[in-house]
Structure formats: C-alpha cells, structure tokens
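Student: My questions are about this predicted structure, shown below with the sequence.
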Amino acid sequence: MSDVPAGLFYSEEHEYLKPTDEEGVYLIGVTDYAQGELGDVVFLELPSEGESFGAGDVFGTIEAVKAVSDLYAPVGGEVVDVNTSLDDDPALVNSDPYGEGWMIRLKVSDESELEDLLDDSGYTKLIGED
Amino acid sequence: MAVDEALARRRLEGEGTLRIYRWARPSLSLGRNQRARGTYDPMAFQSLGADVVRRPTGGREVLHDRELTYTLVLPLWTPGGLRGVYQMVNQALVQALRSLGVTATTAAGRGRTPPPDAGACFRVPAAGEVEVEGRKLAGSAQVRMGDTLLQHGSLLLGPASIRLSALAGEGQLDDETREQVGVTLAELMDSPVSFPAVAAAVEAAVAGSLGGRWRRDERRSDETRTAESLLEHYESWDWTWRR
C-alpha cells in the first residue's frame, strides 16, 4: 500500500501540496504512489526561485528508469525555494517523497484553487487503494 | 528527432505509430538529461563526418551506426503504462530475435538504475532490457508527453565504424569502460542479416504484442508540418549541448 498522509492536498497528476509554517506557502513533490510507479529517480529538472506558474503548467521534468515525465503545478504560484539536495541525490524522491524528497516551495497565488484538489481519501480512491 | 516528436504531438485518439529507421551517417544520440559538454568534442564530430543529436527521451548515449532505431508512439493508458510498454516491447524484441534464430532474453534487475551520466547506454543491460548472455543487444528510453508515450529503441546490427572515444574531448573517455560494448546481431548469427529482414521481424513482433489493427501509412501533412517546426529546436546548439 502507498503512503497517503492526511492533511496534504493531492492532484490527479500525482503531485502533492504540503502546508508549511508560512501562510500560503506549500511544499510540492510527487506522491509515494507516483515514485513507486516511476521507479528509481535519476534526474530532476526544476525551475528557479522566482519563476511563476499557473495551475496545470509544466514546472519541471523527472527522469526515472530512462523515462522522462513532465511535472505539473497543481495550483498557480511563485517558486520561493527549490530543493537543491535533489541535484546530488534525486533518490530522495524515492526514499522520502513527503519529507526530504520535496521539490519546490510554492507561494500559492489563489488558495481557492486548492478546492479543486483531492484530500487523502479522494487520492486513495484515485489510485485504487481504498 | 523532430519527426519522432511530431508523431507523438500529432497522435490521433486511440492510435499509435511504430517508425523504424536507420541513420544516414554515424550519429551519437544523447539522452535528454545526460551531460555532454566537457565529455564530447563538437569538432570531433565534424572531422569524423558524424552527427550528434539530443533525444527527447531519457537514458544515456547511443552510437547509431550499423543498427536499427525504432520509435513507438502510444496512448499513455496502454495497459501497464510506461513500464508496461517498456516490458512489452522488450518481450516483443526477444520474439523478433528468436524468429531470426537468436536466443535473447530480458535482463534481470541489477540494483539501482544508473544516472544519465554513467556511461554509454549499451554498457550494461538495465532490468528488462534485451541481452544475450549478459551482453546488451537492444536499449530503449521513454518520454511522456501529456497523454502520449514515446519510446525510442536501438538494436545493434553490427560493430560501429567509429569509437565513442574518438568523439570525446582530449582526456575524456580514455577509460575502456565508457565504450559502447553491447553485443551485435552480426556476432550472433551464422550468416549476415539484412536491415529490412530485422525491421520486418521487429514490426511483426511489436504489432503482434500490442494487438489491434496496424496499417502502413505515409506521414500525414500535419505531422510533417509539426516536424518542420521542431527542426530548429533539435538542430540548435542550445538543445544539443545544453548540459
């Protein structure tokens, strides 16, 4: 069974938003289910601090087992930090997807967009593990 | 590469495409994310009459010379998704090779997948790839574009006429472990096999494995236009030498 923690927001593209201590700022990464489906993550191409994205925009790419996939912003906002630890150790996405494997910190421009995302039970249903 | 991406960008609902081709001259294709700057020497390609391109797909470099390249474009919802297609195509290649009299198998897992800078694609078979007695015969890599999957693959027909080290900068790739050292069909077969014969075997096995109805077709005008618009990107220095 995949780990689907409560208190996070999930997209149908298998990204999560995790609240931080800072108002309106969320960590974004891929879910435990996604990392399991992708396999060994070997490379990430992430945006720079200060870049902005709309909901559904491609914000980067992830390469795992020689397959490259786009990463989609679940909501719009501005990148306020990027996890540079992933440059040296992309496998953190596999070993700790909701912790050290986070990808970007996003200052969400319109928090009402969060209403379009799934909660843990909705995401568990989406991946067929309910 | 522009044509391959165009086939993916212009895929019609419920359809897929298998394209089989060979290269006009010895060519190195780089994996989308692998490092090439400081390893390969742009001038060496010119002096050897070789080309270099960067693929949209992941993985590592492949020297295309006396080999068969295939591009497979499918809906992402094909059963099994990315990994399912990868395994299915490798099984189909094993069947194609058996129809030619070569006993190939798919490789067992060998630990963690190497990063894109770990040396030529044909050095070591990754889990599920086609090998003969531990030596890699066919390699593949994928990219997901929206709801479409594009898989590139390469099957070695004979020994390449140039070495990777000849394309490298001074002091780079002197180590033998970086050379492309897979096994080729020419080494495994008693008599030479032609490109069309291998292409026909691959076509039959892939179509048979995927099922559905397949037809031979010309490139559509919208695919050609998209390919033309992508050409500038794939010919650009910024893309090829981006890392």
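Tutor: Done, it's in.
Student: for the record, mean pLDDT for stretch B:71-79?
Tutor: The average pLDDT for stretch B:71-79 rounds to 85.
Student: does any part of it sit near chain A?
Tutor: No: using C-beta under 8 Å from any C-beta of the partner chain, stretch B:71-79 stays clear of chain A, with a minimum separation of 9.6 Å. No exception for glycine: its C-beta is placed from N, CA and C like everyone else's.
Student: Give me the buried positions along that stretch.
Tutor: B:Thr71, B:Leu72, B:Val73, B:Leu74 (16 or more other C-beta atoms under 10 Å in any protein chain shown).
Student: what does chain A put close to chain B?
Tutor: Chain A has residues A:37-40, A:42-43, A:45, A:61, A:63-70, A:90-91 near chain B, with proximity defined as C-beta under 8 Å from any C-beta.
Student: repeat that with 7 Å
Tutor: Residues of chain A lying close to chain B by C-beta under 7 Å from any C-beta of the partner chain are A:37, A:39-40, A:42-43, A:45, A:63, A:65-70.
Student: so of the buried residues of stretch B:71-79, which ones are in strands?
Tutor: For the buried residues of stretch B:71-79, the ones inside strands are B:Thr71, B:Leu72, B:Val73, B:Leu74, with DSSP state E as the criterion.
Student: what's the longest strand anywhere in chain B in contact with?
Tutor: Longest strand of chain B, by residue count under DSSP E: strand B:135-145. With C-beta atoms under 7 Å, 6 or more residues apart in numbering or on different chains as the test, strand B:135-145 has contacts from A:66-70, B:8-9, B:31-32, B:55-59, B:62, B:76, B:82, B:86, B:89, B:93, B:104, B:121-122, B:124-125, B:129-131, B:149-156, B:182-183.
Student: Please produce a ChimeraX select command covering the buried subset of these.
Tutor: Listed next is the ChimeraX selection for buried residues among those, using 16+ other C-beta under 10 Å:
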select /A:66,67,68,69,70 /B:8,9,31,32,55,56,57,58,59,62,82,86,89,93,104,121,122,124,125,129,130,131,149,150,151,152,153,154,155,156,182,183
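Student: So which of the contacts of strand B:135-145 are in strands?
Tutor: A:67-70, B:62, B:130-131, B:149-156.
Student: all helices for the chain, in order.
Tutor: Using chain A. A:32-38, A:85-88, A:92-95, A:120-126 (DSSP state H).
Student: Actually, chain B is the one I wanted.
Tutor: Taking DSSP H as the criterion, chain B carries its helices at B:2-9, B:42-48, B:81-99, B:185-188, B:195-210, B:221-235, B:237-240.
Student: can you put those in TSV and add distance to chain A?
Tutor: Below are these laid out as TSV (distance: least, C-beta to the nearest C-beta, whole Å):
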stretch	distance to chain A
helix B:2-9	12
helix B:42-48	23
helix B:81-99	5
helix B:185-188	22
helix B:195-210	18
helix B:221-235	15
helix B:237-240	13
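Student: what packs against the worst-scoring helix or strand of chain B on mean pLDDT?
Tutor: In chain B, the helix or strand scored least confidently by mean pLDDT, DSSP states H and E is helix B:81-99, which has a mean of 87. Helix B:81-99 sits against strand B:105-106, strand B:130-132, strand B:135-145, strand B:148-156, helix B:195-210, with contacts defined as 3 or more C-beta pairs under 7 Å, 6 or more residues apart in numbering or on different chains; DSSP states H and E.
Student: could those go into CSV alongside mean pLDDT?
Tutor: Formatted as CSV, those follow (pLDDT from 0 to 100):
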stretch, mean pLDDT
strand B:105-106, 90
strand B:130-132, 90
strand B:135-145, 90
strand B:148-156, 94
helix B:195-210, 94
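Student: out of those, nearest to B:Trp239?
Tutor: strand B:135-145 (13.9 Å; C-beta to C-beta).
Student: residue contacts, A:Glu37?
Tutor: B:Gly81.
Student: typo on my end, A:Glu13
Tutor: A:Glu13 sits next to A:Tyr72 when contact means C-beta under 7 Å, 6+ apart.
Student: same thing but at 8 Å, please
Tutor: Shown in contact with A:Glu13 (C-beta atoms under 8 Å, 6 or more residues apart in numbering or on different chains): A:Tyr72, A:Pro74.
Student: And it, how far from A:Glu37?
Tutor: Distance of A:Glu13 to A:Glu37, computed by C-beta to C-beta, to the nearest Å: 12 Å.
Student: shouldn't B:Gln120 be in contact with B:Leu63?
Tutor: If you look again at residue B:120, you'll see it is Ala, not Gln. Yes: the pair B:Ala120 and B:Leu63 qualifies as a contact (C-beta atoms under 8 Å) at a distance of 7.2 Å.
Student: Identify the residues contacting residue 36.
Tutor: Just so you know, I chose chain A. Contacts for A:Gly36 (C-beta under 8 Å, 6+ apart) come out as A:Ser2.
Student: Oops, wrong one, chain B.
Tutor: Contacts of B:Ala36 (C-beta under 8 Å, 6+ apart): B:Leu30, B:Val52, B:Arg54, B:Glu61, B:Thr240, B:Trp241, B:Arg243.
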